[in-house]
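*Asks:* fold the stuff below for me.
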Amino acid sequence: MSTVPTTSHWGAFGVRVHEDGRVETTPHPGDPAPSRLLGNVADGLTHPTRVRRP
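*Replies:* Coordinates of the predicted model:
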């Protein structure tokens with residue numbers, strides 16, 4: 001299992017999907033002030049208010 005680098009308007013971070021389907025985000029190691037909002041990215045995938053299709 002590897003961490004895939006990506007970005008959002010909250011900054012750069014890594015994403016790892018575990019075998020049980022759990023998603024983990026980690027701030028980019030070079031970010032001097034990572035946003036705490038990055039922790040919400042994984043929860044947003046399954047949140048009831050998520051727009052699933054247009």
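
*Asks:* what segments of the protein are helices?
*Replies:* In the chain, the helices defined using DSSP state H lie at 40-44.

*Asks:* which residues of it score low on pLDDT?
*Replies:* Within the chain, not a single segment meets pLDDT under 70.

*Asks:* for it, which strand is longest?
*Replies:* When the chain is scanned for its longest strand (criterion: DSSP state E), the result is strand 11-17.

*Asks:* in that one, what counts as buried?
*Replies:* 13-15 (16 or more other Cβ atoms under 10 Å). For every residue, glycine as well, the C-beta is placed using N, CA and C.

*Asks:* list of residues touching it?
*Replies:* For strand 11-17, contacts defined as Cβ atoms under 8 Å, 6 or more residues apart in numbering pick out 1-7, 23-28, 30-31, 34-35, 38, 41-42.

*Asks:* same thing but at 10 Å, please
*Replies:* By Cβ atoms under 10 Å, 6 or more residues apart in numbering, the surrounding residues in contact with strand 11-17 are 1-7, 22-31, 33-35, 37-39, 41-42.

*Asks:* report the contact partners of the closest residue to residue 42 other than its chain neighbours.
*Replies:* Distances taken as Cβ to Cβ, 6 or more residues apart in numbering place residue 23 nearest to residue 42, at 4.0 Å, with adjacent residues excluded. Counting by Cβ under 10 Å, 6+ apart, residue 23 touches 15-17, 41-46.
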